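Enquirer: Fold the following, please.
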Amino acid sequence: MSDPLPREIRCVLVPVGNQRLLLPNANIAEVITQSTPEPLPGAPAWMLGRIQWRGWRVPLVSFAELAGTEAGDADLSVRVAVLKALGGNPKLPFIAVLTQGFPRLTTLNAELIIPTHDGKPLQPGVRAHVLVRDDVAMIPDLEWIEATLLDLYDDSGVMDTVETVEDGSVDADD
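Expert: You can find the predicted model right below:
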C-alpha cells in the first residue's frame with residue numbers, strides 16, 4: 001500500500017526582484033552569499049554566468065530578468081539560492097538563482113495556494129502565478145529552465161566534458 005500524500009508541505013518563498021518564487025523546501029540545497037560569476041560568452045542576459053559552489057560550477061540565473069519582472073533593489077542582491085536540478089543530468093545537478101533578501105520558510109496546504117492566472121501567456125520559466133496567504137508568488141518551471149540551460153551548454157560547448165576534481169566530486173570543465 002502506498003503512503004498517502006502529505007496534507008502540508010514545507011515551502012520557501014524566495015524573493016527575486018519585486019516578486020517571490022514558491023519552491024518546496026526540499027528543492028533548496030543552500031542559500032549562500034553572492035560571489036562574482038564567471039561570465040559565459042554569448043549567454044542570454046538572464047544567465048549571469050557560473051559560480052563556484054562546493055566543487056561545482058553552477059549556472060547563476062536572474063529569474064527577474066528571465067521572467068521579465070522588475071529587478072527590485074540591487075543593493076539587496078547579496079544572496080544566491082542553490083537549487084537541486086530535477087532532471088538528473090550529471091552535467092547540471094544544481095541551478096543557482098539570484099535573490100533579493102532572505103528566503104522565508106512557510107508550511108502550506110492546497111487551500112492556501114490560490115492560482116491567479118489571468119489567461120495571458122506565462123513568461124518563460126514560469127509554471128504558474130499564485131497567491132500564498134497575502135503574498136503573490138510565481139512557481140518556476142524548473143524543468144524548462146534546466147532544459148534551456150542544457151541547450152545553452154550544448155550549443156556553446158561550455159560543459160562538453162565532465163571531470164573529477166581533486167576532492168573526488170564531479171565538476172564540469174571547459
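
Enquirer: residue boundaries of the strands in this structure?
Expert: 9-16, 19-24, 28-33, 47-53, 56-61, 79-84, 94-99, 104-108, 113-115, 126-132, 135-140, 161-164, 170-173 (DSSP state E).

Enquirer: Out of those strands, flag the one nearest residue 146.
Expert: Closest to residue 146 of these, according to C-beta to C-beta: strand 94-99, at 6.5 Å. Where you see a C-beta, it was placed from the backbone N, CA and C, and this is true even at glycine.

Enquirer: tell me what the closest one is packed against?
Expert: strand 9-16, strand 47-53, strand 56-61, helix 63-67, strand 79-84, helix 142-156 (3 or more C-beta pairs under 8 Å, 6 or more residues apart in numbering; DSSP states H and E).

Enquirer: mind giving me TSV with those and columns for mean neighbour count?
Expert: As requested, those are exported to TSV (neighbours: other C-beta atoms under 10 Å):
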stretch	mean neighbour count
strand 9-16	21
strand 47-53	19
strand 56-61	24
helix 63-67	21
strand 79-84	21
helix 142-156	16
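
Enquirer: got the ones you listed as TSV, with mean pLDDT columns?
Expert: Shown next, in TSV, are those (pLDDT from 0 to 100):
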stretch	mean pLDDT
strand 9-16	91
strand 47-53	93
strand 56-61	93
helix 63-67	86
strand 79-84	93
helix 142-156	85
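
Enquirer: Take these and write them to a markdown table, including distance to residue 33.
Expert: Listed next are the helices and strands packed on strand 94-99 as a markdown table, based on distance: least, C-beta to C-beta, whole Å:
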| stretch | distance to residue 33 |
| --- | --- |
| strand 9-16 | 15 |
| strand 47-53 | 10 |
| strand 56-61 | 13 |
| helix 63-67 | 18 |
| strand 79-84 | 7 |
| helix 142-156 | 22 |
